[in-house]
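> whatever this is, show me its structure:
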Amino acid sequence: MVCLRRCGGERGNFFVSIAIRETGEEIGLNLRPEDMRLVMQCPECDKWGSLVDVWLAKVDVPLQDLSLRKNEVSDAGWFDVEQMRQMFASGEASPNILFAFSEVCKFL
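I've put the predicted structure just below:
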């Protein structure tokens with residue numbers, strides 16, 4: 001899942017290229033536009049007043065193939081829906097993505 005914060009009011013699939021670029025820069029995963037699906041657009045999810053797009057990419061990549069940018073990403077993992085529910089309930093998962101969880105589940 002990729003959450004993309006935008007300051008401007010524009011919306012749409014133009015931002016898929018930015019989501020792809022950010023994913024590559026932050027975790028070293030090379031995605032293609034056809035891998036990406038826009039899950040939701042939230043104008044009020046961000047505490048800084050930015051618009052937030054949530055993108056989902058279904059890919060099969062071993063964790064060891066990811067290259068985490070340490071100043072951006074502290075950890076990465078693959079989780080199924082039930083594991084994510086448990087992580088949110090226990091406070092283990094970042095609350096920054098909780099807002100999108102129910103929408104993302106619709107696409108899994």
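> right, and the helix or strand after the lowest-mean-pLDDT helix or strand in the chain?
Here the helix or strand of the chain ranked lowest by mean pLDDT, DSSP states H and E is strand 2-6, holding a mean of 60. Using DSSP states H and E, the next helix or strand after strand 2-6 towards the C-terminus is helix 16-27.
> check which element follows that next one along the chain.
Assigned by DSSP H and E, the successor of helix 16-27 is strand 36-42.
> now that following strand, how far from the centre of its chain.
9 Å (CA atoms, centre = their mean, to the nearest Å).
> what angle do that strand and helix 16-27 make?
Relative orientation of strand 36-42 versus helix 16-27 (axes from the mean of the first three to the mean of the last three CA atoms, to 10 degrees): 100 degrees.
> ok, and for strand 36-42, which residues are buried?
36, 38-40, 42 (16 or more other CB atoms under 10 Å). Yep, even glycine has a C-beta here, placed from its N, CA and C like the rest.
> show me the shaky parts of this structure.
1-14, 43-51, 94-99, 108 (pLDDT under 70).
> redo that, cut-off 90
1-23, 33, 35-61, 63, 69-108 (pLDDT under 90).
> before we move on, the earlier item: what's the farthest-apart pair in the buried residues of strand 36-42?
M36 and C42 (16.9 Å; CB to CB).
> now the farthest one out in this protein, which residue is it?
Most distant from the centre of the chain: S90, at 20.3 Å, with distances by CA atoms, centre = their mean.
> distance of that residue from Q83?
Between S90 and Q83 the distance is 11 Å, computed by CB to CB, to the nearest Å.
> just P33 next, same as before
The spacing between P33 and Q83, counted by CB to CB, is 28 Å.
> who has more neighbours, those two?
Q83 (13 against 10; other CB atoms under 10 Å).
> wait, a helix at the more buried one?
Yes - counting by DSSP: H, G, I helix; E, B strand; the rest coil, Q83 is found in a helix.
> leaving out the residues flanking it, which one is nearest to V61?
L29 (6.2 Å; CB to CB, 6 or more residues apart in numbering).
> so who does that neighbour touch?
Applying CB atoms under 8 Å, 6 or more residues apart in numbering to L29 gives the contacts 23, 57, 59, 61, 66.
> quick one: which of those has the most company?
T23 (21 neighbours).
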